[in-house]
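*Asks:* structure, please.
(2 chains)
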Protein chains: 2
Amino acid sequence: MLVFNQQPIGIFDSGVGGLTVYRALHEKLRGERFVYLGDTARVPYGTKSLATVERYAIENSQFLAARGIKLLVVACNTASALALPKIREKIGVEVVGVIGPGARKAVRLTNDRANPRIGVIATEATVQSHAYSEAIRKASARAEILETPCPLFVSLAEENWTDEPETRSIARKYLQKIVEKNVDALVLGCTHYPILRRVIQKTVGENVMLVDSGEATAEEVENILNEKNLANDHPPKHAGERQLCDDLDHFYVTDAAERFARVAERFLGVKPAKLEAVEVFGLDKLNE
Amino acid sequence: MLVFNQQPIGIFDSGVGGLTVYRALHEKLRGERFVYLGDTARVPYGTKSLATVERYAIENSQFLAARGIKLLVVACNTASALALPKIREKIGVEVVGVIGPGARKAVRLTNDRANPRIGVIATEATVQSHAYSEAIRKASARAEILETPCPLFVSLAEENWTDEPETRSIARKYLQKIVEKNVDALVLGCTHYPILRRVIQKTVGENVMLVDSGEATAEEVENILNEKNLANDHPPKHAGERQLCDDLDHFYVTDAAERFARVAERFLGVKPAKLEAVEVFGLDKLNE
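*Replies:* Next up is the predicted model:
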């Protein structure tokens, strides 16, 4: 497929969590425009089967492809773990997930250690998929890996309880093994977790390098755009002063736009200027 | 529609929460068989729009109707708040939600007070719908009502953190207003909350009467069966010694049966003997 460098970058997530990935991309790539799709009608993906996640991911990708994107970021860990091959089959643009970049960055950051130890925290589903372990193992045969689920972190982030004593106490409980293992780097393997970054850092200690998968993804996207000559060569005016969620970026949700806007404000400090509720179901069937 | 008293009772919920309603029904109605549908592919309903919840609720109801039920219990608070009229339009059996019974029981229990004060705790979506307030107001013009959301309770219940210090601390925070208001009765307006019943009771004090909507619903279902002459007159052998989740009760989920079984075991102490993954989508269209 022919793509042009002025086209926007597409991002989809099962819901609001991918907004932290959008933020990372926005900060790194000031000349780019973004189209974000939050599949709020079918969130969460983590408890769903492979076949279902694949179907949803393809529908979302085709919705964004139809909006003329030049590159797709799958900002959902579950979809990144399960559906990248199928998405690549179906749409003609470059596809970047969040797991590979997060895993590779953790390996890069710890490569100088004699015995690199990498921790991964994520939802139960992502941990059970072992997607991060496999991606880390691919990048480093030496790294010792410890994965552990932190199920309550998602609700705590959505409640915006970023510094409550209960959050600190739950963090100590969940991260106890990570602390005992004395890891060098810790991957935040769920898009909600960067909201709790400070309490996580405090709990594991300042010596542990936190890897935000969203930030790592933004770095890889920047490299791809440069390599493929796809960076926007006509960036918007005043690109350097652009605000998050301004009217150059377009947000779509599959349901409950109001709640999305509310949580977006908690996560990003601002509501999307352009937010629209849409249907993405059955696009796959229409195209066949 | 003609129904027979040996047919099972249908129950649907958006996921696992309705299992507490199943448990209450099972305990009260030992001669009955149950068919439970957990719409785990589309959970949660609380963040979805009216139109979507109605569509899902109708699809679930028709799936259960096709399994020959004599009465339908909508064990999901969101669907009970939003979709009962549409469900009644579409299926020909008696339909009972969980909100009306919970509200009426709270009114009944506090009716002898000079100034009855009723608290309601539920998810953000249920609180915002004011469905409990309206149902309580319908049953009593005098009751003073205080509704408050407890978003983290769902995750805490699914984690089975029923007596952790963090749970006690979060409960104190969420229930502070309820305690200050000195309510006479407190409705557990989310099907997950009975799992945390003990810590909730401890937090609000022993004088507050907790109303489990599931138990209240089981009482109303018993009355309806008796009034309409629909109680099973050929109960299974050894009905009195029946176990939860035995092979006379049939469980269906729309996705991720394994996770459902795991949480069922946490909630009920036992996995369903008969558990099947099914599709319920588009039944509505097929029937038109």
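*Asks:* now the residue nearest to the spatial centre of chain A, nearest residue through space, not along the chain?
*Replies:* By C-alpha atoms, centre = their mean, chain A has its centre lying nearest to A:Ala75, at 3.3 Å. Nearest residue to A:Ala75 in three dimensions, chain neighbours excluded: A:Gly18, at 3.2 Å (C-beta to C-beta, 6 or more residues apart in numbering or on different chains). C-beta coordinates here come from the backbone N, C-alpha and C atoms, glycine included.
*Asks:* show me where the stretch 151-288 of chain A has its strands.
*Replies:* A:185-188, A:209-212, A:250-253, A:275-277 (DSSP state E, counting those that start in this stretch).
*Asks:* related to what we said a few turns ago, ok, the residue nearest to the centre of chain A touching A:Gly214?
*Replies:* Yes: A:Ala75 is within contact range of A:Gly214, at 7.2 Å (criterion: C-beta atoms under 8 Å).
*Asks:* give me the common contacts of those two.
*Replies:* A:Val21, A:Val98, A:Thr191 (C-beta atoms under 8 Å, 6 or more residues apart in numbering or on different chains).
*Asks:* check those residues against chain B, which are close?
*Replies:* For chain B, no contacts are drawn from the shared contacts of A:Ala75 and A:Gly214 by C-beta under 8 Å from any C-beta of the partner chain.
*Asks:* quick one: the helices in chain A?
*Replies:* Ranges of helices in chain A, per DSSP state H, are A:19-28, A:50-65, A:77-82, A:84-90, A:99-110, A:124-129, A:131-139, A:152-159, A:165-174, A:176-181, A:197-204, A:213-227, A:257-268, A:283-287.
*Asks:* compare the ones you listed and say which comes out lowest on pLDDT.
*Replies:* Here the helices of chain A differ in mean pLDDT, and the lowest is helix A:283-287 at a mean of 42.
*Asks:* closest approach to chain B from chain A, which residue is it?
*Replies:* Residue of chain A nearest chain B, by C-beta to the nearest C-beta: A:Ser155 (4.5 Å).
*Asks:* so what's the nearest residue to that residue once chain neighbours are set aside up against?
*Replies:* Among residues not flanking A:Ser155 along the chain, B:Ser155 sits closest, at 4.5 Å (C-beta to C-beta, 6+ apart). Listed by C-beta under 8 Å, 6+ apart, the contact partners of B:Ser155 are A:Pro151, A:Leu152, A:Val154, A:Ser155.
*Asks:* same thing with A:Arg104?
*Replies:* So A:Arg104 contacts A:Ala135, A:Ala139, A:Ala216, A:Glu220 (C-beta under 8 Å, 6+ apart).
*Asks:* thinking again about what came up before, highest neighbour count among the shared contacts of A:Ala75 and A:Gly214?
*Replies:* Using other C-beta atoms under 10 Å in any protein chain shown as the neighbour criterion, A:Thr191 leads the shared contacts of A:Ala75 and A:Gly214 with 32 neighbours.
*Asks:* so what's that one closest to, chain neighbours aside?
*Replies:* A:Gly17 (3.4 Å).
*Asks:* from memory the one you found sits against A:Thr123, does it?
*Replies:* No: between A:Gly17 and A:Thr123 there is no contact under C-beta under 8 Å: 9.7 Å.
*Asks:* show me whatever sits in contact with both of those two.
*Replies:* Common neighbours of A:Gly17 and A:Thr123 (C-beta under 8 Å, 6+ apart) are A:Val154, A:Cys190.
*Asks:* show me what from the stretch 1-150 of chain A comes close to chain B.
*Replies:* So far as C-beta under 8 Å from any C-beta goes, the stretch 1-150 of chain A lies against chain B at A:Thr40, A:Ala41, A:Arg42, A:Val43, A:Thr47, A:Lys48, A:Ser49, A:Thr52.
*Asks:* how about a cut-off of 6 Å?
*Replies:* A:Ala41, A:Thr47, A:Lys48, A:Ser49, A:Thr52 (C-beta under 6 Å from any C-beta of the partner chain).
*Asks:* which among those gets closest to B:Lys28?
*Replies:* The nearest member of the residues of the stretch 1-150 of chain A next to chain B to B:Lys28, counting by C-beta to C-beta, is A:Thr47 at 29.8 Å.
*Asks:* contact partners for the closest one?
*Replies:* By C-beta atoms under 6 Å, 6 or more residues apart in numbering or on different chains, the contact list for A:Thr47 reads B:Ala256, B:Arg259.
*Asks:* I'd like to know how far it sits from B:Arg23.
*Replies:* Distance from A:Thr47 to B:Arg23, counting by C-beta to C-beta, to the nearest Å: 21 Å.
*Asks:* near chain B, which residues of the stretch 151-288 of chain A are found?
*Replies:* A:Pro151, A:Leu152, A:Ser155, A:Glu159, A:Glu166, A:Ser169, A:Ile170, A:Asp255, A:Ala256, A:Arg259.
*Asks:* now the two most distant members of the residues you listed.
*Replies:* The widest separation within these (C-beta to C-beta) is 33.6 Å, between A:Ser169 and A:Asp255.
*Asks:* looking at those two, which is more packed in?
*Replies:* A:Asp255 (22 against 16).
*Asks:* now that one. Nearest residue, chain neighbours left out?
*Replies:* Counting by C-beta to C-beta, 6+ apart, the residue nearest A:Asp255 is A:Ala41, at 3.6 Å.
*Asks:* who touches that neighbour in this structure?
*Replies:* A:Thr254, A:Asp255, B:Thr52.
*Asks:* TSV please, covering these and showing distance to A:Val183.
*Replies:* Below are these laid out as TSV (distance: C-beta to C-beta, whole Å):
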residue	distance to A:Val183
A:Thr254	37
A:Asp255	38
B:Thr52	42
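*Asks:* out of those residues, which comes closest to B:Lys228?
*Replies:* Using C-beta to C-beta, the contacts of A:Ala41 come closest to B:Lys228 at B:Thr52, 32.1 Å.
*Asks:* what's the closest non-adjacent residue to the closest one?
*Replies:* A:Asp255 is the one closest to B:Thr52 (C-beta to C-beta, 6+ apart), at 5.5 Å.
*Asks:* show the pLDDT at that neighbour.
*Replies:* In this prediction A:Asp255 is given a pLDDT of 85.
*Asks:* I'd say it and B:Gly46 touch.
*Replies:* No: contact between A:Asp255 and B:Gly46 fails when scored by C-beta atoms under 6 Å: they sit 11.3 Å apart.
*Asks:* common neighbours of these two, please.
*Replies:* In contact with both A:Asp255 and B:Gly46: no residue, using C-beta under 6 Å, 6+ apart.
*Asks:* ok, now which ones touch the residue nearest to A:Ala75?
*Replies:* With C-beta under 6 Å, 6+ apart, A:Gly18 has these contacts: A:Ile11, A:Ala75, A:Thr191.
*Asks:* list the residues that contact the last one.
*Replies:* By C-beta under 6 Å, 6+ apart, the contact set of A:Thr191 is A:Gly17, A:Gly18, A:Thr20, A:Val21.
*Asks:* perfect, that will be all.
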